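> whatever this is, show me its structure:
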Amino acid sequence: MEPTEIAGLLKERFPMEVKEVTEFRGQVSITVKRERIKEILRFLHDAPELSFDYLEDLCGVDYLSKKEPRFEVVYHLYSMEHRKRIRIKAEVSEDDCAIDSVVNIWEGADWHERECFDMFGIVFKGHPDLRRILMPEDWEGYPLRKDYPVEGPEEKWRGFVEVLRKAEDFKKFELKG
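Modelled structure (predicted):
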């Protein structure tokens, strides 16, 4: 089944959830409402004629001042059996910045969802261990949001001064060449 046919199947099965289907250079993207994202992705995973058994990537996108809702969570899926790819985009509003976790569909979503949470502040409801993965636990803000200051936060991260102090202390252990 070709990606455009898969999009048609999704439109039949989830007519109220599929908002838009786009195709560019043979790649199909399906934009859906987030409310039934887990059900949509479970269908794509479990249906034998589709069998999207591999989550290649999950990432966030911030469309600050360009469109509403502000955020999207993008799922890149691959079917190893059928050798087909598809992209599902779920819209997430800034006011209710949350979407269901899909870790129980693809275990690999665990780290992807944590990274998306850490960088964009999108909460994945039902995630087994949603905490920062790239930034320190006490970091304030979400670095990949478009309104995050390019220079970083006004106040330096509390751990930064400690890191500099330790670097100075450890210089005494460097080998002199």
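
> how near is the residue lying closest to Arg70 once chain neighbours are set aside to Val150?
The spatially closest residue to Arg70, leaving aside those adjacent along the chain, is Glu94, at 4.4 Å (Cβ to Cβ, 6 or more residues apart in numbering). Using the backbone N, CA and C atoms, a C-beta is placed for each residue, glycine as well. Using Cβ to Cβ, to the nearest Å, Glu94 is found at 20 Å from Val150.

> excluding chain neighbours, give the residue nearest to the residue most central in space within the chain in space.
Compute the mean C-alpha point of the chain, and by Cα atoms, centre = their mean the closest residue is Cys59, 2.8 Å away. In space, Cys59 comes closest to Val74 once its chain neighbours are excluded; the distance is 5.3 Å by Cβ to Cβ, 6+ apart.

> pretty sure that neighbour is touching Ile86, no?
No: the criterion here is Cβ atoms under 8 Å, and Val74 misses it with Ile86 at 11.2 Å.

> more neighbours: which of the two?
A side-by-side neighbour count of Val74 and Ile86, using other Cβ atoms under 10 Å, places Ile86 first with 21 against 16.

> doesn't that one belong to a strand?
Yes: when classified by DSSP: H, G, I helix; E, B strand; the rest coil, Ile86 is found to be part of a strand.

> contacts only, for it.
Neighbouring residues of Ile86 by Cβ atoms under 8 Å, 6 or more residues apart in numbering: 3, 6-7, 28, 30, 44, 52, 77.

> and it, how far is that from Val92?
19 Å.

> could you check how many residues crowd around Glu168?
Neighbour tally, Glu168, other Cβ under 10 Å: 8.

> using the three-state scheme, assign it.
Here Glu168 is recorded as helix under three-state DSSP.

> quick revisit: helix or strand for the residue nearest to the centre of the chain, which one?
Taking DSSP states H and E as the criterion, Cys59 maps to strand 54-62.

> for that strand, what is the distance to the chain centroid?
Once both centres are worked out by Cα atoms, centre = their mean, to the nearest Å, strand 54-62 turns out to sit 4 Å from its chain's centre.

> contacts for that strand?
Residues outside strand 54-62 that contact it (Cβ under 8 Å, 6+ apart) are 70-80, 85, 89, 102, 105-106, 108-109, 112-113, 115-116, 119-120, 122, 144-146.

> point out where this structure drops to low pLDDT.
By pLDDT under 70, the low-scoring segments of the chain are 152-157, 177.

> what segments of it are strands?
Taking DSSP state E as the criterion, the chain contains strands spanning 18-24, 27-33, 54-62, 71-79, 84-92, 98-100, 123-125.
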